[in-house]
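S.K.: Model the structure of this input:
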Amino acid sequence: MKVSLNLPKTEILNIIALAKNAEMCRNINESLKVLSNIWSDIESEPDFADYEVCVQGELFRICGGFLLFYGQSKNLPNYQLRGKNLLTKAIIIFDSLKLRDKSAESEVMLAFAYWN
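M.R.: Residues are numbered from 1 along each chain as shown. Below you'll find the model as predicted:
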């Protein structure tokens, strides 16, 4: 079921910044709290179609990274695969926009997933 929040750009950019900070600190609980503002059910795939493409890429990268760390910490099946899928979506988006630094950031996270 699609639930579109379509938050204002300033609010979504703030959520992205908070989520990145929580990710850098490896604070899984804070990541879950922040992401719940845009992704209420982590058991389903997020739908960010209402946001501009670059923002979609950022959100897929953050959510993909979250799934990797969350799944690993809780020993949950399929979370690594789901995280890899979201990271791949982010890479495709960033490559299409020729945002090489963003694509590389996603690729590093994807490499970490395969390493685990």
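S.K.: which residue packs closest to I62, ignoring adjacent ones?
M.R.: Nearest in space to I62, with sequence neighbours left out and distances taken as Cβ to Cβ, 6 or more residues apart in numbering, is A19 at 4.7 Å. C-beta here means a position set from N, CA and C on the backbone, and glycine is covered the same way.
S.K.: secondary structure element for the one you found?
M.R.: helix 9-24 (DSSP states H and E).
S.K.: Give me the nearest residue to G64, chain neighbours excluded.
M.R.: Taking Cβ to Cβ, 6+ apart, and ignoring the residues beside it in sequence, G64 has L86 as its nearest neighbour in space, at 3.3 Å.
S.K.: And P46, by the same measure?
M.R.: W39 (4.5 Å).
S.K.: Name the SS class of that neighbour, please.
M.R.: Secondary structure assignment for W39 (DSSP: H, G, I helix; E, B strand; the rest coil): coil.
S.K.: and it, how far is that from D101?
M.R.: Computed as Cβ to Cβ, to the nearest Å, the W39 to D101 distance reads 24 Å.
S.K.: higher neighbour count, the two?
M.R.: W39 (22 against 8; other Cβ atoms under 10 Å).
S.K.: that older thread, my read is that the residue nearest to P46 contacts G64, right?
M.R.: No: using Cβ atoms under 8 Å, W39 is not in contact with G64; the gap is 11.4 Å.
S.K.: which stretch of helix or strand covers the residue lying closest to R26 once chain neighbours are set aside?
M.R.: Nearest residue to R26, sequence neighbours excluded (Cβ to Cβ, 6+ apart): F69, at 6.7 Å. Following DSSP H and E, one finds F69 within helix 53-74.
S.K.: Same question for that helix: list its buried residues.
M.R.: 55-71 (16 or more other Cβ atoms under 10 Å).
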